[in-house]
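*Asks:* Okay, sequence plus prediction incoming.
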Amino acid sequence: MFRSPRLYLTKVFIQIFLRNRQYIFFSLLLPIVILGIVGLNDGESNPIEIGLVDNSSSVISDNFKTKLSTNHLFNIIESDEETLRKDLIKGDLMLILVIPEDMESHDQTTNIKLLVDKSQIQFIESIKPVLNQALLNIEREITKEDAMFDLTIEDVKSRSQNYLDFLLPGIMAFMLMNLSIAGSGFNVVEFRRKGILKRLFVTPIKPIDFVSAIVVARMIIVLGQLTAIFGFALLILDAHIIGSIMHLYLVIIIGILMFLTLGFSIGSLAKTQESVGILASIFIYPQLVMSGVFFPLETLPEYIQPIAKILPLTLVADAMRSIASDGLTLFQTYLDLVGIGIWAVIGTLVSTKLFVWKEVAG
């Protein structure tokens, strides 16, 4: 349980933050604008691009294609499987239907293969009933009692998911990094510059009380702001979260702790406001480009990808996206969590080794 000095300092740090209304406004404005633009663009109701591979060329397969083409929800593109797979992976198609050669027979069930990205679970579940209805209509015309067709889903690891759902975890990860760095590195250097630390440590307050208060205060602040963005995306933009929200928030808390330790490291290395700004920029902006916040890591040059995958922001964004978009549990993201833990240890060692609490920059 926190002793009274920690509680008091936590309250003071939160009050200092709440007085800076301009910072609060602009820290929320940018992610809301980005998510709002993406969310509005995703609202367009264009036909779904479906690739179709007909390996049968029979009367039944022609009937199936005709029925499917008359549905206004679909735009059918017929070609060979190899070409369509490339288009699916590039994101030009939402899914591919592969009609097998044995669709000529009326006496057995035909297994129609559906190629799609399994991370888009909600899309698959919504599209299967429509496709099954088209198959049922053909069955009724042929007056067969037994099921003639069945759909088999095959994951091709494409990026066909809604861009808003892809973007949301990355934006939240970037926000928690910025807010955590600002609440540790920048604040500590500012307190040192103004002589606040020097005055604090002639009081009974211990260094552990000061550090704990900053950690708890910044945790409350970041969780509050991220919850505001999260609520905006879910309630206003109709974003979808497949996995556990509790597991998602556990990753957020672990990520905040990691970035706070790294922020303290930056504050340990920097002695002035100017130098902390430069070091923070060097730390933050390359990660914004290389961490897969706005686009998949696979789009980066191959020689950069191994480095990009171990960056702190990449690990947090990937763990959050795995839970939010792929439906994984916290324990299934253990590799990302191990990486986050390693970075937290590095940040703790650097900050405790280099930080001088009572130094006042001139």
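*Replies:* Looks like it arrived, so ask away. Everything quoted here is computed from the prediction, not taken from an experiment.
*Asks:* contacts for stretch 340-357?
*Replies:* Outside stretch 340-357, the residues within contact range by CB atoms under 8 Å, 6 or more residues apart in numbering are 188, 197, 201, 207, 210, 254-255, 257-258, 260-265, 267-269, 312, 315-316, 319. Placement of C-beta: from N, CA and C, glycine included.
*Asks:* cool, stretch 269-286 as well?
*Replies:* In contact with stretch 269-286 (CB under 8 Å, 6+ apart) are residues 177-178, 181, 185-186, 189-190, 192-193, 262, 266-267, 350, 354, 359, 361.
*Asks:* returning to that earlier point: buried among the contacts of stretch 340-357? Need that as a selection in ChimeraX.
*Replies:* Burial among the contacts of stretch 340-357 is assessed by 16 or more other CB atoms under 10 Å; the matching ChimeraX selection reads:
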select :188,197,210,254,255,257,258,260,261,262,263,264,265,267,268,269,312,315,316,319
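*Asks:* quick check: domain ranges of this protein?
*Replies:* Annotated domains of the chain cover 4-40+162-354, 48-155 [automatic domain parsing].
*Asks:* Would you convert these into CSV that also reports mean pLDDT?
*Replies:* Output for the domains of the chain, formatted as CSV (pLDDT from 0 to 100):
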stretch, mean pLDDT
domain 4-40+162-354, 83
domain 48-155, 70
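*Asks:* For D54, give me phi and psi.
*Replies:* The phi/psi pair for D54 (degrees, to the nearest 10) reads phi -110, psi 100.
*Asks:* now do I50
*Replies:* Reported as degrees, to the nearest 10, the phi and psi values for I50 are phi -120, psi 120.
*Asks:* I'd say it and L88 touch.
*Replies:* No. With contacts counted by CB atoms under 8 Å, I50 stays clear of L88, the gap being 10.1 Å.
*Asks:* who touches both of those two?
*Replies:* Counting by CB under 8 Å, 6+ apart, the contacts common to I50 and L88 are M94, L95, I96.
*Asks:* Surely V216 is in a helix?
*Replies:* Yes. Secondary structure of V216 (DSSP: H, G, I helix; E, B strand; the rest coil): part of a helix.
*Asks:* so what's the backbone phi/psi at the most centrally placed residue in the chain?
*Replies:* In the chain, the centroid-proximal residue (CA atoms, centre = their mean) is P169; its distance is 2.5 Å. Taking degrees, to the nearest 10, you get phi -60, psi -40 for the backbone angles of P169.
*Asks:* Who are the contact partners of it?
*Replies:* By CB under 8 Å, 6+ apart, the neighbours of P169 are L248, A317, M320, R321, I323, A324, S325.
*Asks:* Quick check: it vs D62, distance?
*Replies:* 44 Å (CB to CB, to the nearest Å).
*Asks:* and A239, which of the three is it?
*Replies:* coil.
*Asks:* pretty sure it is touching L168, no?
*Replies:* Yes. Between A239 and L168 a contact is recorded at 5.3 Å, counting by CB under 8 Å.
*Asks:* Between the two, which has more neighbouring residues?
*Replies:* L168 (29 against 21; other CB atoms under 10 Å).
*Asks:* Report the distance from the host helix or strand of the more buried one to the chain centre.
*Replies:* Following DSSP states H and E, one finds L168 within helix 163-181. The chain centroid and the centroid of helix 163-181 are separated by 7 Å, computed with CA atoms, centre = their mean, to the nearest Å.
*Asks:* Which helix or strand contains the residue lying closest to L179 once chain neighbours are set aside?
*Replies:* Residue nearest to L179 in three dimensions, not counting chain neighbours: V222, with 4.6 Å by CB to CB, 6 or more residues apart in numbering. Take DSSP H and E as the rule and V222 turns out to sit in helix 207-235.
*Asks:* So which bits of that helix are buried?
*Replies:* 209-219, 221-223, 225-226, 229-230, 232-233.
*Asks:* Was I right to think F230 contacts A173?
*Replies:* No. With contacts defined as CB under 8 Å, F230 does not count as touching A173, sitting 12.0 Å away.
*Asks:* ok so, going back, pull out the buried positions in the next helix or strand after the helix holding L168.
*Replies:* Counting by DSSP H and E, the element after helix 163-181 in chain order, helix or strand, is helix 187-193. Judged by neighbour count using 16+ other CB under 10 Å, the buried positions of helix 187-193 are N187, V188, V189, F191, R192, R193.
*Asks:* Contacts for whichever helix or strand Q22 is part of next, please.
*Replies:* For Q22, the host element (DSSP H and E) is helix 21-41. Contacts with helix 21-41, where a contact means CB under 8 Å, 6+ apart, come from 17-18, 163-164, 167-168, 171-172, 174-175, 178-179, 225, 228-229, 232-233, 236-239.
*Asks:* Just the C-alpha atoms of that helix, please, in CSV.
*Replies:* The C-alpha coordinates for helix 21-41 follow below in CSV (Å, rounded to 0.1, in the frame of the first residue of the first chain):
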residue,chain,number,x,y,z
ARG,A,21,-5.3,21.9,-21.0
GLN,A,22,-3.6,22.8,-24.2
TYR,A,23,-1.4,19.7,-24.1
ILE,A,24,-4.4,17.5,-23.2
PHE,A,25,-6.4,18.9,-26.1
PHE,A,26,-3.6,18.4,-28.7
SER,A,27,-2.6,15.0,-27.4
LEU,A,28,-6.1,13.8,-28.1
LEU,A,29,-6.8,15.8,-31.3
LEU,A,30,-4.2,14.1,-33.6
PRO,A,31,-5.3,10.4,-33.0
ILE,A,32,-9.0,11.4,-33.2
VAL,A,33,-8.5,13.2,-36.5
ILE,A,34,-6.5,10.3,-38.0
LEU,A,35,-9.0,7.7,-36.8
GLY,A,36,-11.9,9.9,-37.9
ILE,A,37,-10.6,10.2,-41.4
VAL,A,38,-10.0,6.5,-41.8
GLY,A,39,-13.3,5.6,-40.1
LEU,A,40,-15.3,7.9,-42.5
ASN,A,41,-13.6,6.5,-45.5
